[in-house]
Structures are given as C-alpha cells and as structure tokens.
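Engineer: Provide a 3D model corresponding to the input given below.
(chains A and B)
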Amino acid sequence: AQSVTQLGSHVSVSEGALVLLRCNYSSSVPPYLFWYVQYPNQGLQLLLKYTSAATLVKGINGFEAEFKKSETSFHLTKPSAHMSDAAEYFCAVTKRGGGSNYKLTFGKGTLLTVNP
Amino acid sequence: DTAVSQTPKYLVTQMGNDKSIKCEQNLGHDTMYWYKQDSKKFLKIMFSYNNKELIINETVPNRFSPKSPDKAHLNLHINSLELGDSAVYFCASSQEGLAGYNEQFFGPGTRLTVL
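Structural biologist: This next block holds a predicted model:
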C-alpha cells in the first residue's frame, strides 16, 4: 500500500523566512508524488508534482520540492514566505485503482501560518 | 469560466433526509471523483468515474450513490443522512489514461451540515 506522512500538522514562519514542509512516502513501487494547496474555503490546487523525471521539481508561487529516494522524502520548500502563502498544504501519492485509473492518497495536511 | 463547479456550496439539513450534490466540469476530462474532507481536514476519496463507468468505490456506506449522466457531470446522492456525514465534499476531474500522474482539478467544495 502507498501512503504519505506529513510531519507537523502546523508550521508557523515569519514573512520572508524559509518555508519547509515535510512529507515522507511509503511505496512498494516508484511513486508519483504531488503537493496541493488549499486556501481557506476553497478547493485544492496543484503546486507541483514528481513524475520520475527531474528529482528537483519547481512549481507555482516559488515553491519547489526534491524527491529523495534514499530518504523516501518529498519535502516542500520556498526561500521566502509571503503572507499570501498561508494555507493548508497536502502531500499526496498515487495508488493505482481499478482499471487504468490512479487514486490519490493524501497526507493529513500541514497548516502554514505566516506572521508579519 | 469555472472549470469544476459544485452546487450547492452550503447544505444544511436534518438527520434522515435525502440530499444531492451536483458537479460539472467543462475541461473535457474523462474522469471525475468525489472526495470527503472531515473536520480535521483529512481528505479521502469516495468514488471515481471514468467515461461514466464506476472505477473506484471506496468503503463508503451504500447510502451514498454517485451518478454520472455523462462525462461532464458526476452527482452524489445521499440517503438517510446521519450526523457523521457532516463534512466538506469535493468534486474533482482529470484526464486519465495510463500516465497516472495527471493533475486533478478540484471544485470549490460543498459544506454539508447535518443537524
């Protein structure tokens, strides 16, 4: 079975500080990994994804993540936090469902707050 | 233009009632999903349809019945609502195939409150 664990349900940073949100995965086969963001009272939006090409993946809004097989990690980073980054962040891994469809399995989420 | 839309946005109802949530996507995708997000923000897939065919059916009470009249629509009907059904329900869509890594586009969610 495939799963992801997000370490830290709540991360608080100052504006301009480094953002680091941690995600570790468990998978018996090479995974596809995703980071989604959920702003208050909205649906989820894809930040970036890893699909077995480059291990360093760049996404929207200045975020990036690095796939490290040896550490089974896919941590999300941003050099300088903005107030607008305050949101819930979800790491997810695909798991093949029935037929040709893949099923996203989400972590429990990390709430990022940004202090002025 | 809204890519994935859901109606209603809010739904407040009494225990025992039957209710439906509608979802439409205008992205031309062939796969649609229903997710449930509980009060702790945990997201879990409920159902997935590919070209109107049920593909994924997680361990969901049979009071929940999805219906896909066409590729662009996936509705969720819930019978005999219970307090534990209170949650935010998200519809999503993607263009599937064998790639397995296509982005899922989410709707804005329907907040269901059962009293």
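
Engineer: packing partners of the lowest-mean-pLDDT helix or strand in chain B?
Structural biologist: Ranked by mean pLDDT, DSSP states H and E, the weakest helix or strand in chain B is strand B:53-57, scoring a mean of 83. If contacts are counted by 3 or more Cβ pairs under 8 Å, 6 or more residues apart in numbering or on different chains; DSSP states H and E, strand B:53-57 sits against strand B:43-50. Where you see a C-beta, it was placed from the backbone N, CA and C, and this is true even at glycine.

Engineer: so the strand it packs on, near chain A or not?
Structural biologist: Yes. On the criterion Cβ under 8 Å from any Cβ of the partner chain, strand B:43-50 is in touch with chain A at B:43-45, B:48, B:50.

Engineer: from residue B:92, how far out is residue A:86?
Structural biologist: Distance of residue A:86 to residue B:92, computed by Cβ to Cβ, to the nearest Å: 23 Å.

Engineer: returning to that earlier point: give me the buried subset of the residues of strand B:43-50 next to chain A.
Structural biologist: B:43, B:45, B:48, B:50 (16 or more other Cβ atoms under 10 Å in any protein chain shown).

Engineer: turn the residues you listed into CSV, columns for pLDDT and distance to residue A:13.
Structural biologist: Formatted as CSV, these follow (pLDDT from 0 to 100; distance: Cβ to Cβ, whole Å):
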residue, pLDDT, distance to residue A:13
B:43, 93, 24
B:45, 91, 31
B:48, 89, 36
B:50, 85, 40
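
Engineer: of the residues you listed, closest to chain A?
Structural biologist: Ranked by distance to chain A (Cβ to the nearest Cβ), these are led by residue B:43 at 4.4 Å.

Engineer: hmm, residue A:49 and residue A:34 touching each other?
Structural biologist: Yes. Assessed by Cβ atoms under 8 Å, residue A:34 is found in contact with residue A:49 at 4.6 Å.

Engineer: between those two, what contacts are shared?
Structural biologist: residue B:103 (Cβ atoms under 8 Å, 6 or more residues apart in numbering or on different chains).

Engineer: give me the more crowded residue out of the two.
Structural biologist: residue A:34 (28 against 20; other Cβ atoms under 10 Å in any protein chain shown).

Engineer: who's in contact with the spatially most central residue of chain B?
Structural biologist: By Cα atoms, centre = their mean, chain B has its centre lying nearest to residue B:34, at 2.8 Å. Shown in contact with residue B:34 (Cβ under 8 Å, 6+ apart): B:23, B:45-48, B:66, B:74, B:76, B:89-92.
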